[in-house]
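[1] Pasting the sequence and the predicted model now:
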Amino acid sequence: MKIFINKSKQDSGAQAAAIGGDLIVKTIAEHGEARIILATGASQFDMLRALVARTDIDWSKCSVFHLDEYIGLPKDHPASFVGYLIERFVKQIPSLKHFEAINGLADPEQEIARLNHTVGSRPVDVAFIGIGENGHLAFNDPPADLETDQAYLRVQLDEACRSQQVSEGWFPSIDDVPLYAITMSIPQILKTRTIICTVPDARKADAVKGALEGPVSDMCPASSLQKHSNTYLFLDAPSAEKLGNEYKS
């Protein structure tokens, strides 16, 4: 794992977009197309802003998948992750080849079967992801399934995850946060050729420490990144504050 610690979250987002964007350009040059994954949430604002500003990426050769969506939430809800990506990415890239949206209003089992077939058809090249305050990757809350052979899963969200959605301003109260979601599984995320993980803010410091310094455990799902040989982790000073000095040299 390659770890970068920047002074600000804006710098971390810009660096993640620079390295990840260069990988997309390289993949298109070598394979004629690129398949990427995009995460959502407050941690991805700066990275996405920098990524859509790139003028050297041929987006007409890129297909985009996203990580998760609430079950029962329409895409025009302010907290919908589909809506988030449409507004902050898809509408900014009119030439984009394809956006594979998760339909939160569809029958979950049928939608999961469709997604499993679609994403599994070819390898994904670059995944832009984050880490939750409870150590989750996507909506794989602890204790997460680290062994499933399914690309997408139906999951129940834990209280810490749902509280984070409220603290970030997506919902007015925890009672408004859906209990269930469809999420890309951890084994599927780890199949991606390169992972670009952007994790700013002090509220993520415990999760970052667990992901890097703890054992690989279903109680800190992000620790699974230790098993991926080509992960780039972009932190700011507050999110890295609890790491040992060996990471800060």
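    Noted; the coordinates are in hand. Predicted, not measured: the structure shown is a model, and the values here were computed from it.
[2] could I get the least confident helix or strand in the chain by mean pLDDT in PDB with only the CA atoms?
    For the chain, using mean pLDDT, DSSP states H and E, the weakest element among its helices and strands is helix 159-167, scoring a mean of 91. Provided in PDB are the C-alpha atoms of helix 159-167 (Å, rounded to 0.1, in the frame of the first residue of the first chain):
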ATOM      1  CA  GLU A 159     -26.100   2.500  14.000                       C
ATOM      2  CA  ALA A 160     -22.600   4.000  13.600                       C
ATOM      3  CA  CYS A 161     -23.000   4.100   9.900                       C
ATOM      4  CA  ARG A 162     -26.500   5.600  10.000                       C
ATOM      5  CA  SER A 163     -25.300   8.200  12.500                       C
ATOM      6  CA  GLN A 164     -22.500   9.200  10.200                       C
ATOM      7  CA  GLN A 165     -25.100   9.900   7.400                       C
ATOM      8  CA  VAL A 166     -26.900  12.300   9.800                       C
ATOM      9  CA  SER A 167     -23.700  14.000  11.000                       C
END
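[3] what does it rub up against?
    Contact with helix 159-167 is made by 79, 132-134, 136, 139, 141, 171-174, 176-177, 179, 203, as judged by CB atoms under 8 Å, 6 or more residues apart in numbering. The way it works is simple: take the backbone N, C-alpha and C, and place the C-beta from them, glycine included.
[4] Which members of the residues you listed are classed as buried?
    Taking 16 or more other CB atoms under 10 Å as the criterion, what is buried in the contacts of helix 159-167 is 79, 132-134, 136, 139, 141, 171, 177, 203.
[5] between these, which is nearest Glu246?
    Distance to Glu246, by CB to CB, is smallest for Arg203 among these, at 23.1 Å.
[6] residues touching the closest one, list them.
    Contacts of Arg203 by CB under 8 Å, 6+ apart are 133, 167.
[7] just checking, it is part of a strand?
    No. Counting by DSSP: H, G, I helix; E, B strand; the rest coil, one finds Arg203 to be helix, located in no strand.
[8] all helices for this protein, in order.
    9-31, 45-52, 81-88, 108-119, 159-167, 186-190, 205-213 (DSSP state H).
[9] quick one: which of those helices is nearest Pro221?
    Pro221 sits nearest to helix 186-190 of all the helices of the chain, at 6.0 Å, using CB to CB.
[10] pLDDT score for Lys248?
    Note for Lys248: predicted pLDDT of 65.
[11] List phi and psi for Pro200.
    phi -90, psi 170 (degrees, to the nearest 10).
[12] State the distance from the residue lying closest to it once chain neighbours are set aside to Leu96.
    In this structure, Pro200 finds its nearest non-sequential neighbour in Lys9, 3.3 Å apart by CB to CB, 6 or more residues apart in numbering. Distance, Lys9 to Leu96, using CB to CB, to the nearest Å: 26 Å.
[13] Compare these two (neighbour count), which wins?
    It is Lys9, of Lys9 and Leu96, that has more neighbours when counted by other CB atoms under 10 Å, with 23 against 16.
[14] so what's the more buried one up against?
    Neighbouring residues of Lys9 by CB under 8 Å, 6+ apart: 43, 46, 200-201, 236.
[15] Only whichever of these are buried, select them in PyMOL.
    The following PyMOL line selects those of the contacts of Lys9 that are buried, judged by 16+ other CB under 10 Å:
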select buried, resi 43+46+200+201+236
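[16] What is the most widely separated pair among the contacts of Lys9?
    Farthest apart among those - using CB to CB - are Asp46 and Asp201, which lie 11.2 Å from each other.
[17] Do I have it right that Thr118 meets Glu100?
    Yes. Applying CB atoms under 8 Å as the test, Thr118 and Glu100 come out as touching, 5.9 Å apart.
[18] so where's the chain shaky on pLDDT?
    Within the chain, the ranges that satisfy pLDDT under 70 run 248-249.
[19] What about the residue lying closest to Asp206 once chain neighbours are set aside, how many residues nearby?
    The shortest distance from Asp206 to any non-neighbouring residue, by CB to CB, 6+ apart, is to Lys242 (6.5 Å). Neighbour count for Lys242, taken as other CB under 10 Å: 17.
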